[in-house]
Each structure stands twice: as C-alpha cells, then as structure tokens.
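> how would this look folded up:
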Amino acid sequence: MYIDGEGVSQDDKQAFFWFQKAAEQGNADAQFNLGIMYDKGRGITQDDKQAFHWFQKAAEQGDASAQYNLGVMYETGQGVPQDYKKAFYYFKKSAKQGYAEAQFNLGIMYYNGQVIRTNDIKAYALILLAQTNGYDASETIDIIKSEMTSRQIKRAQKLADKCYDSDYKNCGDLFK
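The predicted model follows:
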C-alpha cells in the first residue's frame with residue numbers, strides 16, 4: 001500500500017514500518033520487501049547486511065525472488081564474501097520455481113563453466129526457459145546456439161519444453 005501509494009500517499013517510511021512488523025511475524029513477502037528496502041535504501045539507510053538477512057529469511061520460506069537476490073549478492077560479493085557456489089545454489093533454487101532471471105543467470109554459469117563443468121545443452125535449455133518466462137535473452141540464445149550442433153540444440157529444446165510443460169516437476173538432470 002504505502003510502498004506504491006495505493007489508496008494512500010506513497011510513503012517509504014510507513015511502508016518500512018509495516019513491512020517490518022509483518023516480517024518479524026514471519027511473513028515471507030514482507031521479509032522480501034524489507035530486504036528490497038534495505039538493499040535500495042528506501043525508507044531506511046541502505047544496508048547490505050540487513051538486506052541479506054531479510055532476503056535469507058524469505059528464501060528459507062521458498063520465496064523465489066529472495067533466492068534470486070541472494071544468488072546475486074553471492075555472485076557479486078554484495079554484503080557477503082563473493083561465493084560462486086552459493087550463488088549457483090540460490091540461482092538453482094529460484095530457477096526451479098520458474099524465476100526467469102535466475103534461469104538466465106544459472107544458464108550463464110553453465111555456459112561459462114562457473115562452479116560446474118561447461119554444459120551448452122543445460123545453458124541453452126535454461127536460457128530458453130528464461131526467455132519463455134519473459135526474460136529477453138535473444139542475443140544470448142543466438143550466441144550459444146551458434147556454438148552448438150543441431151542435435152545438441154534439439155536436445156536442449158526438448159529438455160526445456162519437457163521442464164516447462166511439467167511446471168518444473170520433470171526437468172531431468174537440468175537442476176542437478
């Protein structure tokens with residue numbers, strides 16, 4: 001309400017106040033929003049450690065957006081020591097829930113061989129999923145596709161389609 005000014009005047013301090021009350025009672029959405037407020041310095045002084053704390057609370061409850069944000073924080077070393085393994089872990093948790101940005105970042109990690117062995121099929125499949133979920137990945141898709149055989153492309157497309165059509169319940173080894 002206060003964060004967007006829906007039905008009331010937009011007020012970051014009031015939004016922070018109410019998000020904090022709900023977050024302390026275990027509300028995952030409020031925990032995520034509190035993390036965003038600390039991350040961006042909205043209604044409170046910017047604080048990476050507090051952002052991480054609240055994202056982690058929401059992520060523990062399965063919030064895909066919070067899991068993605070933890071992945072970004074670990075990948076970039078924002079408020080925590082840089083740790084690609086932990087970034088991979090959180091991107092994977094978020095990507096399994098259909099979060100497009102996490103699917104893209106996980107695909108890039110497979111493509112670059114960060115933390116795991118390079119795997120163009122998984123990279124391409126994940127980036128196709130990200131695009132299907134609204135992430136503009138057309139340039140990246142073209143680059144990866146240009147390095148693959150037609151057989152690999154078909155395997156990746158089949159893997160992505162099977163995963164998407166099963167609502168991420170039948171993804172083979174895509175998330176292993």
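
> in the lowest-mean-pLDDT helix or strand in the chain, what's buried?
Using mean pLDDT, DSSP states H and E, the weakest-scoring helix or strand in the chain turns out to be helix 12-24, at a mean of 85. Within helix 12-24, the residues scored as buried using 16 or more other Cβ atoms under 10 Å are 15, 16, 18, 19, 20, 23. For glycine as for every other residue, the C-beta is placed from the backbone atoms N, C-alpha and C.

> cool, stretch 68-85 as well?
Neighbour-count burial for stretch 68-85 flags 68, 69, 70, 71, 72, 73, 74, 75, 79, 80 (criterion: 16+ other Cβ under 10 Å).

> between these, which is nearest residue 117?
Of all the buried residues of stretch 68-85, residue 75 has the smallest distance to residue 117: 18.4 Å, by Cβ to Cβ.

> After the least confident helix or strand of the chain, which helix or strand is next? Please name it.
The element immediately downstream of helix 12-24 (helix or strand, assigned by DSSP states H and E) is helix 28-40.

> mind listing what's buried in that next one?
28, 30, 31, 32, 33, 34, 35, 36, 37, 38, 39.

> Show me how far stretch 132-141 is from its chain's centre.
Here stretch 132-141 shows a centroid-to-chain-centroid distance of 15 Å under the convention Cα atoms, centre = their mean, to the nearest Å.

> separation between the spatially most central residue of the chain and residue 162?
Most central in the chain under Cα atoms, centre = their mean is residue 68, positioned 2.6 Å from the mean C-alpha point. In this view, residue 68 and residue 162 are 23 Å apart by Cβ to Cβ, to the nearest Å.

> and what of residue 111?
Counting by Cβ to Cβ, the gap from residue 111 to residue 162 is 20 Å.

> One more: residue 82?
Residue 82 sits 34 Å away from residue 162 when distances are taken as Cβ to Cβ.
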